[in-house]
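Visitor: Prediction below, plus the sequence it came from.
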Amino acid sequence: MSSKVPLPAGTTLGKSFEYGLDVNLGTEAVPVWQPVRRISGFQPSPTPTTQDAQTYDDLGAANSDVTGWSIALAFNVQVNRAITTGLYLPEIEAILARTKPTAKGEAAVLDVRWYHKPESGAPNPTDAGRGFTTVSYSRQNTGPNGEIEVLSVSLTGKGTYDEIANPFAGWAVTAPVISGVSAASPAVNPAGTGKQVTITGLNLTGATAVTIKAIAVTSFAVVSSTTIIAVLPTDTAGTVPVVVTTPAGVSAAVNYTRAA
């Protein structure tokens, strides 16, 4: 006869790798969430701020009130780079940019979110947060044997952090891919007139943001998983990169030439 206390039916043990972390490549108002790929050792540490509330009634025992919460996040990440440009993945570039000598004030702040990301089953709907952080890092593998390049990253919260709805949409959801961008009507769009463009590709359902030349598109419609209609933001003529963001990730940029 087993001495173990039975668990409710339909439960499962959590696993250490069931967590996700995204960095915001956009703005606070129009975020462009990029998952941090190839992470391990993720450790979120909520930390209370307390004030002494001791009185004679405590008979000498400690008594503190919690007046606020901050967050600290630590993780390791493998460093992948493009062979042609030498640049690291965009999330790594965003992390490192906050540690440059010129990164002061708001330029040193990284907007991040973290969330439960289970191997199977539904994610915990309330195990997710978002906060502003500063960044420090160090190289983990420094030996002569050609180990995988890994950074040990620490994120220190600035002020409090927010509880958010868990954004994890499931493992079956894949990142968006743009195959082409074309003028919707007319065939040639004058610059700065707010004309429409048609974005075609794959996995576009649930798009949360579209940017053109890093300018957030304020009006767009997801027609299907393969088509988005977007209104060009006001700008000058020229070749501009178009990027789509969904809960599953950020597309690679595809260029579109705006007419004069």
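Guide: Okay, I see it.

Visitor: all contacts plus neighbour counts: C-alpha atoms, from now on.
Guide: OK.

Visitor: and Ile215, what is it in contact with?
Guide: Applying CA atoms under 8 Å, 6 or more residues apart in numbering, we find Ile215 in contact with Pro233.

Visitor: My error: substitute Ile199 in the last question.
Guide: For Ile199, the contacting residues are 178-182, 227-230, by CA under 8 Å, 6+ apart.

Visitor: Now it. Nearest residue, chain neighbours left out?
Guide: Of all residues not flanking Ile199 in the chain, Val181 sits nearest, at 4.6 Å (CA to CA, 6 or more residues apart in numbering).

Visitor: what about that neighbour, distance to Leu202?
Guide: Note on Val181: its distance to Leu202, by CA to CA, to the nearest Å, is 13 Å.

Visitor: Looking at these two now, which is surrounded by more residues?
Guide: More neighbours surround Val181 than the other of Val181 and Leu202, with 20 against 17 (other CA atoms under 10 Å).

Visitor: so what pLDDT did the more buried one get?
Guide: What the model reports as pLDDT for Val181 is 92.

Visitor: is it fair to say it lies in a strand?
Guide: Yes: checked against DSSP: H, G, I helix; E, B strand; the rest coil, Val181 lies within a strand.

Visitor: I'd guessed it sits against Tyr256; true?
Guide: Yes: counting by CA atoms under 8 Å, Val181 touches Tyr256, with 6.1 Å between them.

Visitor: So for those two, which residues contact both of them?
Guide: If you check Val181 and Tyr256 against CA under 8 Å, 6+ apart, the residues they both contact are Val242.

Visitor: picking that back up, which of the contacts of Ile199 tops the neighbour count?
Guide: Of all the contacts of Ile199, Ala230 has the most neighbours under the rule other CA under 10 Å, reaching 23 neighbours.

Visitor: List the contacts of that one.
Guide: 196-199, 210, 217, 219-221.

Visitor: give me phi/psi at it?
Guide: Here is the backbone geometry of Ala230 (degrees, to the nearest 10): phi -130, psi 150.

Visitor: ok, it to Gly159 distance?
Guide: Counting by CA to CA, the gap from Ala230 to Gly159 is 36 Å.

Visitor: which two in the contacts of Ile199 are spaced the farthest apart?
Guide: In these, two members sit farther apart than any others by CA to CA. They are Ser179 and Ala230, at 15.1 Å.

Visitor: Sketch out the strands for the stretch 1-150 of the chain, chain order is fine.
Guide: For the stretch 1-150 of the chain, the strands defined by DSSP state E, counting those that start in this stretch occupy 19-24, 33-35, 39-52, 64-78, 110-116, 128-139, 150-157.

Visitor: Gly10 is nearest to which of those?
Guide: Nearest of the strands of the stretch 1-150 of the chain to Gly10, taken as CA to CA: strand 110-116 at 18.0 Å.
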